[in-house]
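Visitor: No sequence on hand, only this structure:
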């Protein structure tokens, strides 16, 4: 193998992990893992066969019996040791992530740090899963509400921030006492597998964590059809989320869906326009814009519009696009050829509905690189204003009144994150109240943290990751009426 992680070890696609043992997938299908910066094949990933998946189901059922009976303090120790292992493996995981996904190495390191922070929060909450005692209306009786793990879980994460999203699901499930089958993205398998290894080595019992790869539709349909799986958590596209909801419906299985976004940004005249524009360029083009909560539709009040467009476009044009492994790279390639094709088609279609201020072209002819692209004066009827770009494309439009900004911001089926920049308390309150989204950041570009719930409305899905609400999604509530006088 000629491709290395930048250290002494060559890149190797991971195997499946089932019932406490690593093994090659036995399906006939397999896929190449491609470096998006060079288009070189890193290795070939083997897939799980139906027999492998049945073995995973049997293992996760056994693992649940063990893990649910494990005291919360012991579960916490395993998770905290896993976090310690994860921090120790930061550089190795980050290099795998950059090779597979393309993001700059500095951003990959930050992803590992964030993943560790999220699991640590869940670990700290593992001993705080409280029930309660209620006063009974009759003598000699106690009413009790208990919280118990919901059961074996299927956790499915995407390729854009694979370590964070897999770790967040894993942390919630394990803290609650659930076992799991984790299906990471086949495009970025090794970074997630290395993260999982940290928790296996921390002492997770056999069967508590299982790792499988395969053709996504085949894997999900096979596993969700089993009575063993009681909860599904998925992050990904709206279309796939809708399909999973249909698969989960016959078994009435609990489902958390964190789907797409088309996040609006509202900048009022009183904002520090230059500082806000530069801050938003960093947020928009991080991970080449491939984030569900990336700021995308920029609505700027007319008094600040021209200056915002100039400052934003100038900062975007100065971003250094290149291989994520190269020092000084600000934006890496898109993660795969599908995304590059989709962005090129979107840019071509949007030229008729807006003005290209900077960018608009592919970079080079090797690797999936595209220029940071900024459109101004974009028509509200443009396809790009309705459909999530999921790439390095920013869409800017002016507005007059707060009511017009709200109307523009809410004019999609998505409702995940949003960003507002103003020092007016009255405007802040109005935006918080009237924006139809799951998260609102005021004078900030942060809409998701470990301590708070993250989720959306409408086509952005339902249910929550992170925070108390994220942990509760892995718990079943049981009412107990204990009569002592019978």
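Guide: Nice, thanks for sending it over. Quick caveat: nothing in here was measured; it's all calculated off a predicted structure.
Visitor: For the most centrally placed residue in the chain, pull up the helix or strand it's in.
Guide: Nearest residue to the geometric centre of the chain (C-alpha atoms, centre = their mean): residue 165, 4.2 Å. Following DSSP states H and E, one finds residue 165 within helix 162-176.
Visitor: Can you report how many residues lie near the nearest residue to the residue nearest to the centre of the chain once chain neighbours are set aside?
Guide: Among residues not flanking residue 165 along the chain, residue 157 sits closest, at 4.1 Å (C-beta to C-beta, 6 or more residues apart in numbering). All C-beta atoms are positioned from the backbone trio N, CA, C, and that covers glycine. Neighbours of residue 157 under the rule other C-beta atoms under 10 Å: 26.
Visitor: In contact with residue 157, which residues are there?
Guide: Applying C-beta atoms under 8 Å, 6 or more residues apart in numbering to residue 157 gives the contacts 165, 166, 169, 182, 183, 184, 185, 192, 235.
Visitor: what sits against residue 51?
Guide: residue 26.
Visitor: gap between the closest residue to residue 201 other than its chain neighbours and residue 16?
Guide: Closest residue in space to residue 201, ignoring its immediate chain neighbours: residue 85 at 5.8 Å, by C-beta to C-beta, 6+ apart. Distance of residue 85 to residue 16, computed by C-beta to C-beta, to the nearest Å: 20 Å.
Visitor: got it, and residue 392?
Guide: 34 Å.
Visitor: for the protein, longest helix please?
Guide: Identified as the longest helix of the chain according to DSSP state H is helix 105-125.
Visitor: other SSEs contacting that one?
Guide: If you count contacts as 3 or more C-beta pairs under 8 Å, 6 or more residues apart in numbering; DSSP states H and E, helix 105-125 packs onto helix 72-88, helix 90-101, helix 162-176, helix 467-472.
Visitor: For the stretch 251-400 of the chain, which segments are assigned as helices?
Guide: Taking DSSP state H, counting those that start in this stretch as the criterion, the stretch 251-400 of the chain carries its helices at 273-285, 302-317, 337-350, 383-386.
Visitor: Show me which positions of the longest one end up buried.
Guide: Applying a neighbour-count criterion of 16 or more other C-beta atoms under 10 Å, one finds 304, 305, 308, 309, 311, 312, 313, 314, 315, 316 buried in helix 302-317.
Visitor: ok, now the third one?
Guide: Applying a neighbour-count criterion of 16+ other C-beta under 10 Å, one finds 339, 340, 342, 343, 344, 346, 347, 350 buried in helix 337-350.
Visitor: these two touch, right, residue 162 and residue 102?
Guide: No - using C-beta atoms under 8 Å, residue 162 makes no contact with residue 102, being 11.8 Å away.
Visitor: between these two, who's got more neighbours?
Guide: Higher neighbour count among residue 162 and residue 102: residue 102, with 33 against 26, using other C-beta under 10 Å.
Visitor: Make sure the more buried one is actually in contact with residue 324.
Guide: Yes - in this structure residue 102 lies within contact range of residue 324 using C-beta under 8 Å: 5.3 Å.
Visitor: list the buried ones in stretch 91-101?
Guide: Counting neighbours by 16+ other C-beta under 10 Å, stretch 91-101 gives 92, 93, 94, 95, 96, 97, 98, 99, 100, 101 as buried.
Visitor: Got the confidence number for residue 485?
Guide: Per-residue pLDDT puts residue 485 at 77.
Visitor: Confirm that it lies within a strand, as I assumed.
Guide: No - using DSSP: H, G, I helix; E, B strand; the rest coil, the assignment for residue 485 is coil, not a strand.
Visitor: can you pull the contacts of it?
Guide: Counting by C-beta under 8 Å, 6+ apart, residue 485 touches 139, 140, 141.
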